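Here you go, sequence then predicted model.
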Amino acid sequence: MERTLIIIKPDAVQRGLVGDIIARFERRGLRIAAMKLIHIDEELASQHYAVHKGKPFYAPLIRYITSSPVVVMVLDGSRAIEVVRRTMGSTNPVEATPGTIRADYGLEIGRNLVHGSDGPETAAAEIALYFSESEVLPYKRAIDDWIAE
Ligand code: DAT
Ligand code: MG
């Protein structure tokens, strides 16, 4: 079982795509362990995107992610990190496979709708940025045995 952090970014919230994006993850069988609507401030954005500091797209990236509310979620399930990354599609929507979120709704890399953690260490660090341990709920769903062996 893996946990991963998802951000439904400002463009997706403004475009009314929150429900559709969550539905795609739910339908795959991933479990919603935590979720909230927040407005990311500069401080939190700089922590989240620290790895990209100094790159040419850093300033517009910070402006974008702080521009409007976002939905942050923790999803879990077997191989959740890779499953989420593949459901999102490539970073640049132009290169994303049709059927993925970024291909189906996006045109440009600077408006790519969703974030998903890229590995177990970043997932743990990113979850801790947005949620306390008590906000990540360990409930069981009646359908769990029909999703995972
Ligand atoms: P991902 O969001 O797929 O994990 P990333 O971590 O490499 O991609 O980059 C974080 C975000 O920064 C990405 O969603 C969009 C933006 N970004 C990355 N590379 C970029 C580039 N070459 N030009 C413009 N924006 C870029
Ligand atoms: Mg990334």
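Looks like it arrived, so ask away. Ligands and ions are numbered 1, 2, ... in the order given.

Do you have the strands of the protein handy? List them.
Per DSSP state E, the chain carries strands over the ranges 2-8, 31-38, 70-77, 114-116.

Is any residue of the last one near ligand 1?
Yes - for a cut-off given as CB under 6 Å from any ligand atom, strand 114-116 has contacts with ligand 1, namely residue 115. (Each C-beta comes from the backbone N, C-alpha and C, glycine too.)

before we move on, the earlier item: which one of the strands of the chain lies nearest to residue 139?
Across the strands of the chain, residue 139 has its closest neighbour in strand 31-38 (8.3 Å, CB to CB).

Show me the contact partners of that closest one.
Outside strand 31-38, the residues that touch it by CB atoms under 8 Å, 6 or more residues apart in numbering are 3, 13, 22, 25-26, 69-77, 127, 130-131, 135-138, 141, 144.

Which of those residues are buried? Put it as a PyMOL command.
Selection of the buried residues among these in PyMOL, burial being defined by 16 or more other CB atoms under 10 Å:
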select buried, resi 3+13+22+25+69+70+71+72+73+74+75+76+77+127+130+131
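
of the contacts of strand 31-38, list those near ligand 1.
Among the contacts of strand 31-38, not one lies near ligand 1 by CB under 6 Å from any ligand atom.

Mind listing the residues bridging to residue 100?
Per DSSP bridges, the residues bridged to residue 100 are residue 98.

wait, isn't it in contact with residue 84?
No - taking contacts as CB atoms under 8 Å, residue 100 lies outside contact range of residue 84: 10.8 Å.

of the two, who's got more company?
For residue 100 versus residue 84, the count of surrounding residues by other CB atoms under 10 Å is larger for residue 84: 27 against 19.

ok, the closest residue to residue 57 other than its chain neighbours - contacts?
Nearest non-adjacent residue to residue 57, counting by CB to CB, 6 or more residues apart in numbering: residue 110, 7.1 Å away. In this structure, residue 110 makes contact with 57, 60, 61, 64, judged by CB under 8 Å, 6+ apart.
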